[in-house]
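# sequence and predicted structure are below.
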Amino acid sequence: MLYKSLSLQQTADLIAAVGNVQTVLAQGEMGIGKSSMLKMLRAKPELKDHTFCYVDITTKDVGDFVVPKIRTVDGVEVCSFIPNEEFGFHIADKPVVIMLDELGKAKGGVMNACLRIMQERQLGTYELHPDSIVFATTNLAVEGIGDNVPPHARNRVTQVRVAKPTAEEWMSFAISAGVNHTVIATVREYPDMLASFEDYEHPQQNTYIFDPRDVRLSFVTPRSLEKAGYIVERTAILGKDVMAHALKGTVGEKAMLNILTMVDMDSQLADWDDVIKNPTTAPVPTNGAAACMMVAKAVRRITRDTMTAWMSFLPRLSKEAQGLFARSVMSNECPTRSIAATNKEFAKWSADNNYMFARR
């Protein structure tokens, strides 16, 4: 079966596997986390000796790639060209990973300046270490935001369509990354927030998201959801009016109203201290969104001293919530992973429920 698209992790795995020879061009909708693949690659053990270079192509002109340097050879002045340090060509004794971000928005002759880097791993007279990796990202041309990669450039790369994460995929990431729990719960209740505009015949079928066929000043993407979480946390002391206005300008009015509903629900949940002190009697959320909020809180707040108490509370939640906790806390990016991994009660629970670690 041929995949219509690859996940961010699958794309990062492909880049790590072939990127020293073939440039992968990751194409996907705005705000889905394409730039985060550099972080994913940085976490790979096999790339621990690489130096990572981020290059924002939207800020580059042709003159930003190499500059002339006059030197004397056998008494004769000659002109050579030295590369911009940002590309990492000066690191001759170590491999690098170069991310050419927003390649499709290259202006003027910048696209042509990138071709030799992508094809031959060279810039001027400088060559990259043979184990170096080059990859690029771009938005979809159909989004209408100026991305265009001409045929002669496409023929030099392997084009990959990167999928927008599903609500479940994003939730596991967001919990691990510490995104605000009320925003995560909102996505759990309204998974259409992470649908693709290509899934709809008419733009009004989903007014949460960006759709190039309609004018929307603010809309939901994985990127704007993360920012919305920050707003919820930082504006709580400023009042609902300020929070609502800021959320509307970040994710749109419809999503703003949904998030505020979850903020109200959060105030009715059992206090974290009560859960830890009385894990077998503390009130258990019966609503799916409320359980999701409780799990997101736990992933962020567990410590070595409280993990065992949490494990007494966890089995009282739904199986869906238990699986979400397990997958989130054991992801590579989760800062509390080591706490869970070394806890005896979690190890026992994992052995009894190992099927929950499989992503659906």
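That came through fine.
# and the helices in the stretch 101-250 of the chain?
If DSSP state H, counting those that start in this stretch is used as the criterion, the helices of the stretch 101-250 of the chain fall at 110-120, 151-154, 167-177, 181-189, 222-235, 240-251.
# contacts made by the longest one with the rest, please.
Yep, that's helix 222-235 we're talking about. Where contact means CB atoms under 8 Å, 6 or more residues apart in numbering, the residues beyond helix 222-235 that reach it are 30-33, 164-165, 170, 174, 177, 179-180, 182-184, 187, 193-194, 218, 242-243, 246-247, 250-251, 255, 259, 263. (C-beta placed from N, C-alpha, C; glycine too.)
# kindly recompute the last result at 6 Å.
Applying CB atoms under 6 Å, 6 or more residues apart in numbering, the set of residues contacting helix 222-235 from outside is 31-33, 170, 179-180, 182-183, 242-243, 246-247, 250-251.
# can you pick the most crowded of the residues you listed?
Neighbour count (other CB atoms under 10 Å) singles out residue 183 as the most crowded of the contacts of helix 222-235, with 29 neighbours.
# skipping adjacent residues, who's closest to that residue in space?
When the adjacent residues along the chain are set aside, residue 183 lies closest to residue 229, with 4.2 Å between them (CB to CB, 6 or more residues apart in numbering).
# quick one: secondary structure of residue 27?
Under the three-state scheme (DSSP: H, G, I helix; E, B strand; the rest coil), the conformation of residue 27 reads as strand.
# ranking the helices of the stretch 101-250 of the chain by burial, who's on top?
Scoring those by mean neighbour count under mean count of other CB atoms under 10 Å gives helix 181-189 as the most buried, with a mean of 26.
# how far away from the center of its chain is it?
From the chain centre to the centre of helix 181-189 is a distance of 17 Å (CA atoms, centre = their mean, to the nearest Å).
# could you give the angle of it to helix 222-235?
Orientation check (axes from the mean of the first three to the mean of the last three CA atoms, to 10 degrees): helix 181-189 against helix 222-235 gives 140 degrees.
# for the remainder of this discussion, apply numbering that starts at 188.
With the count now opening at 188, the last piece we talked about shows up as helix 368-376.
# look up how far residue 242 lies from residue 396.
Relative to residue 242, residue 396 is positioned 29 Å away (criterion: CB to CB, to the nearest Å).
# residue 452 now?
43 Å.
# what of residue 380?
To residue 242, residue 380 is 31 Å away according to CB to CB.
# so which of these two has more stuff around it?
residue 380 (26 against 22).
# now do the most centrally placed residue in the chain, the pLDDT please.
Nearest to the centroid of the C-alpha atoms of the chain, with distances taken as CA atoms, centre = their mean, sits residue 220, at 3.4 Å. Looking at residue 220, its pLDDT is 91.
# below-threshold pLDDT in the stretch 238-387 of the chain: ranges please.
Counting by pLDDT under 70, not a single residue of the stretch 238-387 of the chain qualifies.
# tell me how far stretch 415-431 lies from the chain's centre.
When distances are taken as CA atoms, centre = their mean, stretch 415-431 is centred 23 Å away from the chain's centroid.
# actually, stretch 364-379.
The offset between the C-alpha centroid of stretch 364-379 and the centroid of the whole chain comes to 15 Å, using CA atoms, centre = their mean.
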